[in-house]
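*Asks:* build me a model:
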Amino acid sequence: MSQPTDEAPDADRPVPPPPADRRASPATLRDVAAAAGVSVALVSYALNGTGRVSATTEARILQIADQLGYRANRLARALRTGRYSTIGVIIRNLRNPLFADVLSAMEDEARVQGLALTIRNSRYDLDDQQRLLDSLVDDGVRAIVIAPVGTGDELAAWQRQHAHIPLVALNMSMPRTTSVSTINPDHQEAVRLAVEHLAARGHRRITFVAAPRHLAADLTREIAFVEQCARLDVTPRTLRTKLTVEAVQRAVATDLANRDRCEAPAFLLNSDHLAAGVYHAARGAGLELGHDLSVVGHDNLPSSDLLAPGLTTIAFDRDQLGRDAVRLALSPGSQEHIVLPVRLVSRGSVR
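*Replies:* Here you go, the predicted model:
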């Protein structure tokens, strides 16, 4: 059987205006074919992305289809071609503004690729996370990007059973023996910068605020924290609590009430969002941040500079995190582990 030929090499041909009443008469494949001066079969190949059409002609047909208001049934197309147009995303805490920035960058990159995102919130629930993973597979997503909870064992086990779904983990270190791609800020450098900064300001005891062990996705940071404290002759403490602002506030308030009054406490957190809990706890205890106690966050959210005092934090390119996540999701079989550079932003929250 002969294949359709590339009938529209002239990319400079003007694109016709859309119909006067698009809603009353939706464009059809025949309308697109007539406007492009090609066959209906060629339009179908271009819209389905089967690769039988030159890039120039395909781009022209897609442009005409868009201007005419042609809308194909994406689910039907996916069932025919096996090429789905959605990337599934699971975020562990949608209240954290960091993920708003990351998702915005992901959406921009996905749109360039002609794809869309479908977003779920696991709310730091490991069981819910596993159900959401299965649900996204049932929805026929093309790939999954996840900011997970847990140690990674559950995620690796799930991926082994769904090897046909590219899986990318954000802010989590996975063993390189798994086929899960990862993209993270430099965990070890972030901790080194924070601990050195606190130690240089005279703190000899630092408290790392972390998730309960079975939910902690950033054990690399905890290990680095202990190592850096040992190197600098600083006493490390780990305060485990549910990672919401309210829970952090309660845990830190209790910790402050039981502290050694002769020592100014120092807290290290994995997000600026949760550092707000330390601000609330300090205010409730009548303490002044940057004088009576210190806190260092992570993510350098735009609001962190507006706090009183401004929050000392670890900065990295949040947009790049989102863009690279989509790129990795669309590169099946090419396992990668991307580490983003970090830097310390010093403000008034450290004495």
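
*Asks:* now do the buried residues in stretch 243-263.
*Replies:* Within stretch 243-263, the residues that qualify as buried are 243, 244, 245, 248, 249, 250, 251, 252, 253, 255, 256, 259, counting by 16 or more other CB atoms under 10 Å. From N, CA and C alone the C-beta is placed, and that goes for glycine too.

*Asks:* pLDDT (mean, whole number) over the longest helix that the chain contains?
*Replies:* Looking across the chain with DSSP state H, the single longest helix is helix 97-112. The predicted model assigns helix 97-112 a mean pLDDT of 92.

*Asks:* packing partners for that helix?
*Replies:* Applying 3 or more CB pairs under 8 Å, 6 or more residues apart in numbering; DSSP states H and E, we find helix 97-112 packed against strand 86-91, strand 116-121, helix 272-284, helix 318-329.

*Asks:* give me the contacts around the last one.
*Replies:* Just to be clear, that refers to helix 318-329. The contact list for helix 318-329 (CB atoms under 8 Å, 6 or more residues apart in numbering) reads 87, 98, 101-106, 108-110, 113, 115, 142-145, 166, 168, 170, 181, 183, 185, 299, 334, 336, 338, 340.

*Asks:* let's see it at 7 Å
*Replies:* Residues from elsewhere that reach helix 318-329, judged by CB atoms under 7 Å, 6 or more residues apart in numbering: 87, 98, 101-106, 109-110, 143, 145, 166, 168, 170, 181, 183, 336, 338, 340.

*Asks:* now swap in the longest one and tell me
*Replies:* Contacts made with helix 272-284 from outside it, assessed by CB under 7 Å, 6+ apart, are listed as 96-98, 209, 243, 245, 248-249, 252-253, 256, 267, 269, 289, 293, 295, 297-301, 304, 307, 311, 313.

*Asks:* among those, which are in helices?
*Replies:* Reading helices off the contacts of helix 272-284 with DSSP H, I get 97, 98, 245, 248, 249, 252, 253, 256.

*Asks:* and the residues you listed as TSV, adding distance to residue 136?
*Replies:* Shown next, in TSV, are the ones in helices among the contacts of helix 272-284 (distance: CB to CB, whole Å):
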residue	distance to residue 136
97	24
98	21
245	28
248	30
249	33
252	35
253	38
256	42
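
*Asks:* tell me, how many residues neighbour residue 90?
*Replies:* Per other CB atoms under 10 Å, the neighbour tally for residue 90 reads 23.

*Asks:* test my guess that it contacts residue 132.
*Replies:* Yes: using CB atoms under 7 Å, residue 90 is in contact with residue 132, at 5.2 Å.

*Asks:* what residues are shared contacts of the two?
*Replies:* Common neighbours of residue 90 and residue 132 (CB under 7 Å, 6+ apart) are 120, 122.

*Asks:* average pLDDT for stretch 342-351?
*Replies:* Mean predicted lDDT for stretch 342-351 stands at 95.

*Asks:* buried sites along the one helix or strand residue 193 maps to?
*Replies:* Here residue 193 sits within helix 187-200, counting by DSSP states H and E. Across helix 187-200, burial judged by 16+ other CB under 10 Å covers 187, 188, 189, 190, 191, 192, 193, 194, 195, 197, 198, 199.

*Asks:* let me have the residues you listed in TSV, adding pLDDT and distance to residue 236 as columns.
*Replies:* Below are the buried residues of helix 187-200 laid out as TSV (pLDDT from 0 to 100; distance: CB to CB, whole Å):
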residue	pLDDT	distance to residue 236
187	94	16
188	94	15
189	96	18
190	97	15
191	97	11
192	97	13
193	98	16
194	97	12
195	97	9
197	97	15
198	97	11
199	96	11
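
*Asks:* pull stretch 321-330 out as CSV, backbone CA atoms only.
*Replies:* Coordinates of each C-alpha in stretch 321-330 appear next as CSV, following Å, rounded to 0.1, in the frame of the first residue of the first chain:
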residue,chain,number,x,y,z
LEU,A,321,13.5,22.1,38.4
GLY,A,322,10.1,22.2,36.6
ARG,A,323,11.5,22.4,33.1
ASP,A,324,14.0,19.6,33.6
ALA,A,325,11.3,17.4,35.2
VAL,A,326,9.2,17.5,32.0
ARG,A,327,12.2,16.9,29.8
LEU,A,328,13.2,13.8,31.9
ALA,A,329,9.6,12.6,31.8
LEU,A,330,9.6,12.7,28.0
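
*Asks:* residue 31: which of the buried residues of helix 187-200 is nearest?
*Replies:* Checking the buried residues of helix 187-200 against residue 31 with CB to CB, the nearest one is residue 187 at 53.8 Å.

*Asks:* for the helix holding residue 193, packing partners?
*Replies:* helix 219-231, strand 294-296, strand 313-315, strand 343-345 (3 or more CB pairs under 7 Å, 6 or more residues apart in numbering; DSSP states H and E).

*Asks:* need the winner for burial among the ones you listed.
*Replies:* Each of the helices and strands packed on helix 187-200 was scored by mean neighbour count; the highest is strand 294-296, a mean of 28, by mean count of other CB atoms under 10 Å.
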